[in-house]
Structures are given as C-alpha cells and as structure tokens.
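**Q** quick one, fold the following:
(one chain, ligands or ions: 1)
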Amino acid sequence: MKFFIDTANLAEIKEAYDLGILDGVTTNPSLMAKEGITGAENILNHYVAICNIVDGPVSAEVIATDFEGMVREGEQLAALHKNIVVKIPMILEGIKAIKYFASKGIRTNCTLIFSAGQALLAAKAGATYISPFLGRLDDVSTDGIQLIQQIRVIYDNYAFDTEILAASVRHPMHIIHCAEIGADVMTGPLSAIKALAKHPLTDLGLQQFLADYAKGNK
Ligand code: E4P
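**A** Coordinates of the predicted model:
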C-alpha cells in the first residue's frame with residue numbers, strides 16, 4: 001500500500017519524506033488555508049515547493065465547479081510540475097473533466113467520494129485515483145471501511161485501473177484496516193503514520209537491551 005501525507009505543511013512533508021516511506025502528498029483548499037497560503041500565485045508556488053520535496057504524486061485541487069473552469073485550472077496545475085495530479089470534486093461536471101483529462105494523459109484524483117456509485121462513475125470516466133473519505137463517514141456513524149471494501153470488489157470485478165486512495169484517515173487503525181482490505185493508497189496526517197511505529201513493548205524491550213549493554217560495558 002502506498003503512503004501519502006494529507007497536508008500542505010512543508011516541514012511535515014519533509015519529515016515524512018525523510019522517513020523514507022512517503023510515496024506522495026494530497027492537499028485540499030482547507031489544508032492550504034490552514035497553512036496561510038492564499039492568492040493564486042502563492043498557491044501555485046506552494047504546489048511547486050511540495051513537488052520539490054517529494055518525488056511522487058501531489059494532488060492539487062481545482063476550485064472551479066464548471067467543466068470549462070476545471071479544465072482551465074487543471075491544465076494550469078498540471079503544467080506546474082510532472083508530479084501534479086489534478087484533484088476534481090465528485091460532481092457531474094467533474095466527471096466530464098476527468099474524462100477530458102484522461103484523454104490528454106493528465107492524472108486525476110476524484111475527491112469527496114462517499115458512495116460506491118460515485119466510485120464506479122469516476123472509474124468509468126478514467127480517474128487515476130478516487131478518494132473515499134473514510135474518517136468523515138465514520139464521523140456520521142457510517143462504516144467507511146465497508147465502503148472501501150465494496151469499491152475494491154467492484155473495481156476488481158471489472159479490472160478498473162483506478163486506484164483506491166483511502167482519504168480522511170485519522171489514526172493508525174484506519175491505516176491497518178485499509179491495508180487489510182486492499183486499498184491501493186492511504187492518505188493521512190503525519191501523526192497517524194508515526195503512530196504505526198509505537199508499541200510499549202518495543203520501548204520496554206529497547207530500554208532493557210540498552211541497560212544490559214551498559215551494565216556489561218562499564
Ligand atoms: C483527501 O484528499 C482530503 O484532503 C482529506 O483526506 C480530508 O480529510 P479530513 O476529513 O481529515 O479533512
């Protein structure tokens with residue numbers, strides 16, 4: 001399973017990349033705003049800065065909600081760097097834009113997926129990735145993992161190339177469940193990725209090994 005980080009924070013992206021396990025980055029307009037990145041030019045420059053840290057797909061989201069606007073913005077984003085994946089919202093105009101970008105060889109990530117029907121439609125249009133929002137479904141008492149499982153079955157039935165990018169991941173168990181059911185990619189915060197490494201028995205065991213070494217090597 002590929003690991004993407006879901007942030008626009010350059011320090012966190014660098015920290016995750018330096019771990020050696022980072023495959024890509026996802027951003028969205030809220031994450032850009034959280035970092036105080038505003039204004040068209042600053043936003044475009046920030047995408048380039050992210051691409052210069054990570055050699056892997058970087059999702060950059062369009063703001064337009066009509067076909068022509070999405071095409072215009074998406075082409076501008078894709079021209080920024082070879083790593084850019086154009087992130088398109090799951091609306092009918094977005095489906096048309098995904099089809100258009102697929103015909104031009106421009107990669108897309110269809111975002112805000114909350115149902116299997118939406119995932120099917122995006123795959124038929126030729127999306128490179130679809131992003132089912134796991135955590136946001138869990139937040140409204142709906143099983144996000146079950147949705148990803150359902151999408152996995154549908155994509156496997158018809159050998160769709162579209163990759164399932166489990167998004168809105170909140171904690172390490174989300175990552176583990178995604179890996180169990182065969183999500184292609186997960187995107188989440190650095191805290192969830194780092195939490196995978198934690199186990200109290202590892203800490204205790206290491207403490208003991210170091211103490212025993214110190215005793216024998218005084
Ligand atoms: C997906 O690409 C989104 O950026 C993201 O995962 C949303 O996560 P959230 O529900 O934690 O905001």
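**Q** spatially central residue in this protein, please.
**A** To find the centre residue of the chain, average its C-alpha atoms and take the closest one (C-alpha atoms, centre = their mean): that gives T187, at 3.6 Å.
**Q** who does it bridge with?
**A** Per DSSP bridges, the residues bridged to T187 are F4.
**Q** I figured it hits P132, correct?
**A** No: under the contact definition of C-beta atoms under 8 Å, T187 does not touch P132, with a separation of 10.9 Å. For every residue, glycine as well, the C-beta is placed using N, CA and C.
**Q** still on that earlier bit, wait, what's in contact with the residue nearest to the centre of the chain?
**A** T187 sits next to F4, I5, D6, G24, T26, S131, L165, A166, A167, V169 when contact means C-beta atoms under 8 Å, 6 or more residues apart in numbering.
**Q** any idea how far A159 is from it?
**A** Here T187 is placed at a distance of 24 Å from A159 (C-beta to C-beta, to the nearest Å).
**Q** longest helix of this protein?
**A** Among all segments of the chain classified by DSSP state H, the helix with the greatest residue count is helix 200-216.
**Q** who touches that helix?
**A** Contact with helix 200-216 is made by no outside residue, as judged by C-beta under 8 Å, 6+ apart.
**Q** distance from the chain centre to it, please.
**A** On the basis of C-alpha atoms, centre = their mean, to the nearest Å, helix 200-216 sits 37 Å off its chain's mean C-alpha point.
**Q** before we move on, what about stretch 199-218?
**A** The chain centre lies 37 Å from the centre of stretch 199-218; the measure is C-alpha atoms, centre = their mean.
**Q** these two touch, right, H174 and I193?
**A** No: with contacts defined as C-beta under 8 Å, H174 does not count as touching I193, sitting 11.0 Å away.
**Q** excluding chain neighbours, what is closest to K82?
**A** Using C-beta to C-beta, 6 or more residues apart in numbering and skipping residues adjacent in sequence, the residue nearest K82 is C51, 8.0 Å away.
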